[in-house]
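Student: Quick one: sequence and predicted model below, then my questions.
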Amino acid sequence: MSNENNDTVTVGEIEFPPRKVWLKTYGCQMNYHDTERILSHLSGLNFTQTTEQSEADLVIFNTCAVRDLANQKFYSHLGETKRLKTNPEINPETGLKKNVIVAAGGCIAQTEGKDLVKKYQQLDFAFGTDVIDNIGEMVYRAYAGDKKFSVTSWDRSENYSIETKITHGSPMAYVNIIKGCDKFCSYCIVPFTRGREKSRGLSEVVTDVKRLVEYSGIQEVMLLGQNVNSYGKDNGESLAQLIHELESIDGLQRLRYTTSHPYDVSDELIEAHATSKKLANHLHLPVQSGSNSVLQRMLREYTIEHYLGLLAKMRKANPEMVVTTDIIAGFPNETEEEHQDTLKLLDAAQFDFIYAYTYSSRKGTKAARMSDILTDDIRGRRLREIQDKQMKIQENIRQGMIGKTFRILVEEKGTNKGVIKWTGRTSCNRIVHFEPDNLDKDYKWHWVDVEITSATALSTQASLIRDLGKKL
Ligand code: SF4
């Protein structure tokens, strides 16, 4: 229930005057999507979002346990909220003294919720990744006076059934289709923070997307999961079948999915990339290392030969396919030779973009228990070598786009050295900037055709050919 009239909303026995919620999200797209769900649920308790923490009645951190940097940032940001409790301000809208509630959700809260609540005086409650949709009840409990609690249970018996919530007003929606992961890669905390795989039923997802297209004007859908191409295994369904069904929805223009595991890329899925008119020409396929011995220690379940074979099949089926990847530099005890194998892989794979990170140990994983002789300096140097090599490859690939025409969905306006430019994404997920032909025109969420005029490793500039408007 939302309230546009500044009225108080009564839920159960508690009155909820209009209040503000401030949210901070760390990590992956699943987390960003969870934050959107949280916002949608909280609108029923009369909350609207604020970007100013000082204005907030409710502060929520949606945490990520995958990388050390996101971890550290969360603890530092949480520490800063102490002052919100010791120095409460007056809410100018209600005239009431603010009782600021502070909560932490997401992957860190899933594994450490109870300890966090005990350790941080200012933290009122913690909630795990599987109880996002109960956020309304938890906020209700907090306002009812129940403080210092932690809700982190997983319901493994229930089917995975949710309806997509959107609050952003754009024509793009993230749709969760599978949660959890059964892979247990040796460095990864996700199976411990998100649980085992559970897929939504295919017909439920199709109904959900139809509703988004029909009633919310959604034209582009990103299907989400930690291991999205494992979708449907528990129900005898598959990602390729789902794509096939979604493709027939009138008004839906583009379909994307992320993130994939190379072990689960089926021939059926490759075929879908060849035949689908709506599936984006983009595959994000994390490889993590170019060395078979490192992949074995990572428990990744494939070899580099298998991985390169998949890329070859994909590109044969659809020559427009663009592949991006994730790479970990300096896995425990990675030798110089193993690192060189990763550099060689960059040449062989010709990735369009890579997300490369130095290895960071996560407590509770197998890799964290491995002996490790590598230093931060070695890891940093290897990361730079990977990034430097990739930059040259990317520049070359993007130079090859010059003179070609692409259809993009325009996302935002910006200014570069005083020049107004609009930015959008191609079907292959490349970012393109173009100058408008009319400075007063609002291109946001328009489909436009552009011709690439220049390119660097990280961006492409284009000239506008035609504006197709908001609907194709
Ligand atoms: S596939 Fe591996 S890296 Fe990806 S979420 Fe599962 S365990 Fe983590």
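Tutor: Perfect, thanks for sending it.

Student: ok, residue 272 - contacts?
Tutor: 239, 240, 243, 244, 279 (Cβ atoms under 8 Å, 6 or more residues apart in numbering). Yep, even glycine has a C-beta here, placed from its N, CA and C like the rest.

Student: Confirm that the third one sits in a helix.
Tutor: Yes. Assignment of residue 243 by DSSP: H, G, I helix; E, B strand; the rest coil places it within a helix.

Student: buried residues in the helix-or-strand element of the chain with minimal mean pLDDT?
Tutor: Within the chain, judged by mean pLDDT, DSSP states H and E, the helix or strand with the poorest mean is helix 82-86; its value is a mean of 78. For helix 82-86, burial by neighbour count (16 or more other Cβ atoms under 10 Å) applies to residue 84.

Student: ok so, going back, looking at the contacts of residue 272, which has the most residues close by?
Tutor: Counting neighbours by other Cβ atoms under 10 Å, residue 239 leads the contacts of residue 272 with 27 neighbours.

Student: Report the buried residues of the helix or strand harbouring residue 420.
Tutor: Under the criterion DSSP states H and E, the helix or strand holding residue 420 is strand 419-425. Across strand 419-425, burial judged by 16+ other Cβ under 10 Å covers 421, 422, 423, 424, 425.

Student: which other helices and strands contact the helix or strand just after it?
Tutor: Going down the chain from strand 419-425, the next helix or strand is strand 431-435, by DSSP H and E. Counting contacts by 3 or more Cβ pairs under 8 Å, 6 or more residues apart in numbering; DSSP states H and E, strand 431-435 packs against strand 405-416, strand 419-425, strand 447-455, strand 460-469.

Student: got TSV for the ones you listed, with mean pLDDT too?
Tutor: Output for these, formatted as TSV (pLDDT from 0 to 100):
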stretch	mean pLDDT
strand 405-416	93
strand 419-425	94
strand 447-455	97
strand 460-469	96
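
Student: Make JSON lines out of those strands and add distance to residue 325.
Tutor: Formatted as JSON lines, the helices and strands packed on strand 431-435 follow (distance: least, Cβ to Cβ, whole Å):
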{"stretch": "strand 405-416", "distance to residue 325": "22"}
{"stretch": "strand 419-425", "distance to residue 325": "18"}
{"stretch": "strand 447-455", "distance to residue 325": "20"}
{"stretch": "strand 460-469", "distance to residue 325": "20"}
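
Student: Quick one: closest of the ones you listed to the ligand.
Tutor: Closest approach to the ligand among the helices and strands packed on strand 431-435 is made by strand 419-425 (23.7 Å; Cβ to the nearest ligand atom).

Student: Name every strand pairing with the closest one and say which way it goes.
Tutor: The pairing partners recorded for strand 419-425 under DSSP bridges are strand 405-416 (antiparallel), strand 431-435 (antiparallel).

Student: May I have the distance across stretch 364-372, first residue to last?
Tutor: 16 Å (Cα to Cα, to the nearest Å).

Student: Just checking that stretch against the ligand, any contact.
Tutor: No. Using Cβ under 6 Å from any ligand atom, stretch 364-372 stays clear of the ligand, coming no nearer than 9.0 Å.

Student: buried ones in that stretch?
Tutor: Residues of stretch 364-372 classed as buried by neighbour count (16+ other Cβ under 10 Å): 365, 367.

Student: got a list of contacts for it?
Tutor: 111, 184, 186-189, 192, 297-299, 331-333, 359, 361-362.

Student: 7 Å instead, please
Tutor: Stretch 364-372 has contacts (Cβ atoms under 7 Å, 6 or more residues apart in numbering) with 186, 187, 188, 189, 192, 332, 333, 361, 362.

Student: any idea of the angle the strand holding residue 420 forms with strand 447-455?
Tutor: 110 degrees (axes from the mean of the first three to the mean of the last three Cα atoms, to 10 degrees).

Student: Just the CA atoms of strand 419-425, as PDB, please.
Tutor: In PDB, the C-alpha atoms belonging to strand 419-425 read as follows (Å, rounded to 0.1, in the frame of the first residue of the first chain):
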ATOM      1  CA  VAL A 419      29.200  18.300 -24.200                       C
ATOM      2  CA  ILE A 420      25.800  16.800 -23.500                       C
ATOM      3  CA  LYS A 421      25.700  13.100 -24.400                       C
ATOM      4  CA  TRP A 422      23.200  10.300 -24.000                       C
ATOM      5  CA  THR A 423      24.200   6.800 -23.100                       C
ATOM      6  CA  GLY A 424      22.700   3.400 -23.900                       C
ATOM      7  CA  ARG A 425      23.500  -0.200 -24.400                       C
END
